[in-house]
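Trainee: here is my input, please return the structure:
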Amino acid sequence: MYRQAGLTRKLLSLLMAVLVLMSLVFLFLFWMTYQAQLRGERSEASIAVNQLLQASLENAMLKRDIPGLRGIVSRLSEQPEIRDVVILNPRGEVRFSGTERIIGLPYETPLSEVCPSCASNMRTAQPSTRFVNDKNGNRVLRSVNPVKNHPPCSQCHGNPRDNPVNGILVVDYRADKIIRKARSGLAGLVAAGLIITSLTSWMVWRFMRRQVLEPVSLLNLASREIAQGNFDQRVQIDRQDEFGELATNFNRMADRLNTSLQQLLEKEDYLQALVDAIPDGLRVIDEDFRITLVNTAYRKQLELDDMNPVGSYCYRSSHRRNSPCPHTLYTCPVYELAAHGGTVKTMQQFNLANDRQLDVQIFAAPLEISTNGKTRRFIVESIRDLAADLQFSHEQKLAALGELAAGVAHEINNPLASIRLALQSVLTKLDHESVQPEKVGNYLKLVDGEIDKCISVSQSLLKLTTLNTEKQQLVEINTAIQETVSLLRYEAEKSNVDIALSLADPTPRIIAADHDIRMLVLNLTQNAFHAMPEGGIIRISSTSRQDCVELSFQDNGAGIRPEDKPYIFDPFFSHRANKQYGVGLGLTICQSIVHRYGGEIRVTDVKPHGACFTIIFPTPESS
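Mentor: Residues are numbered from 1 along each chain as shown. Modelled structure (predicted):
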């Protein structure tokens with residue numbers, strides 16, 4: 001309403017200013033025209049008087065009737081509309097006047113002012129009529145008429161060529177009546193002008209209000225409602241003019257704006273749902289250390305419940321600080337990415353409520369967004385709860401041990417069943433007193449062999465689970481492979497995976513800890529199982545070369561995506577083909593073991609599908 005009132009005031013002010021200016025211009029023109037008309041009328045009257053006086057003067061001069069001429073001037077001066085009548089000689093002296101005391105004296109006003117056209121040359125003297133002030137300050141209409149010299153007057157006034165003017169007739173008319181008449185006419189004109197101005201203003205105002213201000217008010221109200229978030233507001237102007245078209249376009253714009261807003265809100269909801277689906281904590285930080293986006297996992301990590309940290313400072317949210325973390329003491333992703341670019345991986349401690357701390361791993365990467373030609377930089381942080389990962393890792397290990405225990409139980413169960421059958425046969429023979437020493441001996445030999453199998457399985461399991469004492473020795477690669485694979489036979493059968501061994505003869509040997517080599521074989525074999533959820537074949541081979549020992553684990557599974565290859569050895573990176581979530585430490589452990597003994601681990605693609613992990617260890621002779 002304030003803007004509408006301002007527009008109304010401006011419109012009225014402009015309208016009144018234009019009308020007043022036009023009225024003043026017309027009044028001025030009327031006044032000037034009216035004065036010119038009065039002067040013209042008086043001038044015509046004075047010319048008629050002049051002609052009368054001139055005829056009387058000539059007649060009196062010819063008859064030498066000076067008293068008669070004075071009488072004419074005296075009677076003319078007594079007229080109510082005439083203030084004074086004088087006749088001046090060419091030198092500006094009063095020759096005849098209604099006031100006898102000034103006769104023979106210079107006129108009150110210099111001749112150059114009375115008759116400007118007479119001052120320079122009497123031959124060019126012309127009649128004139130204008131408003132002036134007399135010696136008493138009275139406003140008069142002064143009519144000046146030069147009286148021409150004619151041949152009949154030459155006896156007294158000389159040759160007309162030398163004396164072209166006999167005298168100058170000056171008649172002062174009273175101007176007060178003229179002025180009153182002019183003012184009366186002006187007052188009437190002003191009154192008429194005011195009436196016309198008021199009527200015109202009212203008509204223009206009514207027209208502008210109905211045709212302009214009311215539509216503008218409706219548009220202003222609708223735009224204010226939309227600015228406040230009410231996008232259902234529309235303008236109803238049913239007119240076939242520019243404002244009607246403007247209202248239609250405004251409503252179309254509001255519809256599109258409402259649709260775009262709904263789409264934007266849906267995209268924001270989708271984005272928030274997308275980041276909330278990420279199991280790790282995630283937050284986005286701008287260059288001013290302010291958080292612009294977080295997911296549900298981040299709020300759970302920091303136990304924020306329903307509190308939304310968006311808009312707060314990152315160091316306040318996660319470190320309980322009132323100022324940015326010193327980059328000399330902390331690896332600040334915001335500072336590091338601004339200074340060096342690339343990506344940042346760091347371990348930090350977040351401070352929770354009640355003075356508790358949370359150990360996390362942060363992986364940060366830069367994000368640039370261009371808006372209206374300006375580039376804004378953000379930092380995206382992926383935050384992993386190490387305590388939760390350790391718990392999950394422990395659960396994964398328990399699950400792996402469960403699968404391993406099932407395989408061991410399967411391997412031991414068959415020999416035990418054979419032992420039981422042999423012993424039951426011996427007991428049956430003893431009960432029927434039909435003991436045959438030869439058959440009993442065969443049964444006992446069978447029992448002994450099956451017991452050896454159980455012992456072999458248990459020893460293989462012990463070698464795999466023995467804690468690493470860092471004691472290095474000559475390890476027979478083939479033995480470590482065979483005994484480890486034997487523990488995975490049951491798991492392979494369940495997964496419909498065939499294990500094909502191609503081992504070098506004689507067996508290659510390297511200097512290492514036997515436990516590490518068995519753990520290496522176990523992790524790479526189970527990794528191949530995970531890559532073949534529908535079953536397949538894994539080919540494990542060992543090769544002895546001149547200066548190295550080479551192990552190969554080749555499967556025909558899903559293979560490794562090109563975008564995943566740079567990260568497969570990173571801790572906690574997991575992307576299994578069987579869609580199960582792994583802890584992502586198996587290949588990291590394998591790489592650590594290989595590097596510990598000066599070896600190298602490579603991964604290559606197998607056509608048409610599959611992957612091959614190749615491990616190269618130095619031989620004892622070359623190390």
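Trainee: from now on I want contacts and neighbour counts done on CA atoms only, so please keep to that.
Mentor: Noted.
Trainee: ok, Phe131 - contacts?
Mentor: With contact taken as Cα atoms under 8 Å, 6 or more residues apart in numbering, Phe131 is in contact with Arg139, Val140, Leu141, Arg142, Ala175.
Trainee: neighbours around the last one, how many?
Mentor: The number of residues packed near Ala175 is 20, by other Cα atoms under 10 Å.
Trainee: was I right to think it contacts Ser143?
Mentor: No. At 11.8 Å, Ala175 does not count as touching Ser143 under the criterion of Cα atoms under 8 Å.
Trainee: what comes up buried for the helix or strand hosting Leu265?
Mentor: Assigned by DSSP states H and E, Leu265 falls within helix 242-276. Of the residues in helix 242-276, Phe243, Gly244, Ala247, Thr248, Phe250, Asn251, Ala254, Asp255, Asn258, Val275, Asp276 count as buried by neighbour count, 16 or more other Cα atoms under 10 Å.
Trainee: residue ranges of each domain in the chain, please.
Mentor: Annotated domains of the chain cover 2-180, 233-277, 279-384, 469-623 [automatic domain parsing].
Trainee: of these, which shows the lowest average pLDDT?
Mentor: Here the domains of the chain differ in mean pLDDT, and the lowest is domain 2-180 at a mean of 73.
Trainee: ok, Leu522 - contacts?
Mentor: Thr484, Val485 are the contacts of Leu522 under Cα under 8 Å, 6+ apart.
Trainee: the helix or strand where it lies: what's the following helix or strand?
Mentor: Taking DSSP H and E as the definition, one finds Leu522 inside helix 514-530. Once helix 514-530 ends, the next helix or strand along the chain (criterion: DSSP H and E) is strand 536-544.
Trainee: so which elements touch that next one?
Mentor: Applying 3 or more Cα pairs under 8 Å, 6 or more residues apart in numbering; DSSP states H and E, we find strand 536-544 packed against strand 497-502, strand 548-555.
Trainee: pull the CA atoms of it into CSV?
Mentor: Extracted in CSV, the C-alpha atoms of strand 536-544 (Å, rounded to 0.1, in the frame of the first residue of the first chain):
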residue,chain,number,x,y,z
GLY,A,536,33.1,-70.7,-11.5
ILE,A,537,36.7,-71.9,-11.4
ILE,A,538,39.8,-70.4,-9.7
ARG,A,539,43.2,-71.5,-11.0
ILE,A,540,46.0,-71.2,-8.4
SER,A,541,49.5,-71.7,-9.7
SER,A,542,53.0,-71.4,-8.5
THR,A,543,56.1,-70.9,-10.7
SER,A,544,59.7,-70.8,-9.8
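Trainee: tell me how far the nearest residue to Leu520 once chain neighbours are set aside lies from Lys148.
Mentor: Nearest residue to Leu520 in three dimensions, chain neighbours excluded: Cys590, at 5.4 Å (Cα to Cα, 6 or more residues apart in numbering). According to Cα to Cα, to the nearest Å, Cys590 stands 139 Å off from Lys148.
Trainee: more neighbours, the two?
Mentor: Comparing Cys590 with Lys148 by other Cα under 10 Å, the one with more neighbours is Cys590, at 22 against 17.
Trainee: wait, what's in contact with that one?
Mentor: By Cα under 8 Å, 6+ apart, Cys590 lies in contact with Met519, Leu520, Asn523, Leu524.
Trainee: what of Leu293?
Mentor: Arg283, Val284, Ile285, Val310.
Trainee: just Phe378 next, same as before
Mentor: Val284, Ile285, Asp286, Glu287, Pro366, Leu367, Glu368.
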